[in-house]
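Enquirer: From the sequence below, what's the structure:
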Amino acid sequence: MKLKVIEAIELKPITLPHWGVKLSIVDPYLQVNVDDVQIAQTTSKTKTFTPIWNEEFEKEVENGQMLGITVFHNAIVPPDPFIANSNVSFEDIINSGKSDIWVGCNLSESHFDFGRLN
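Expert: Numbers count the residues shown, from 1 in each chain. The predicted structure is shown next:
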C-alpha cells in the first residue's frame, strides 16, 4: 500500500481530560493503522489546526479491511492527548474510484465534526 498524508483542516481545540485545560493551539501528528495495527506516523507540526504533512508511506498490507487514522497532540509530558480519528474501509476507498480522498474526523465516540484529512 502506498499512502500520502497531505494535510488536515478544521481541527478544533481540545480539552485535556486530566487537567481540564482547553488547548488554544495544538502540535498535531497522525498515526495510521490497518486493522488496529500501526503502520505509520507523521511528524508533528507546531502550533496549527491546519497541519500540512506531505509525507509518504509504503507498507506491505495483506487482507486489510479498515484504514484507521488518529490525530494526537504532541504533548511535552506524555501521554499525548487524542484530538480526532476516523476509519474508512479499503472497500470504500476502492469503490470511490479516487486516489485522492478527504476523510472526516470525529471526536472519540461522538458525531461532532472535528476536521478533515486529505
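
Enquirer: Strands along this structure, start to end?
Expert: Secondary structure of the chain (DSSP state E): strands at 2-9, 28-34, 37-41, 52-58, 66-73, 82-89, 103-106, 113-117.

Enquirer: what residues does the second one touch?
Expert: What that stands for is strand 28-34. The contact list for strand 28-34 (Cβ atoms under 8 Å, 6 or more residues apart in numbering) reads 1, 3, 5, 8, 11, 38-45, 48-49, 51, 53, 57, 59, 61, 64, 66-74, 80, 83, 117. Backbone N, C-alpha and C define where each C-beta goes, glycine included.

Enquirer: and what of the fourth one?
Expert: Contacts of strand 52-58 from elsewhere in the structure, counted by Cβ under 8 Å, 6+ apart, are 1-7, 30, 32, 39-40, 42-43, 45.

Enquirer: Also the first one?
Expert: If you take Cβ under 8 Å, 6+ apart as the criterion, strand 2-9 is touched by 28, 30, 32, 40, 42, 49-59, 71, 105, 115-118.

Enquirer: Same check on stretch 59-79?
Expert: 1, 3, 8, 11, 14, 23, 26-36, 39-40, 44, 80-91, 93, 103, 105, 115, 117.
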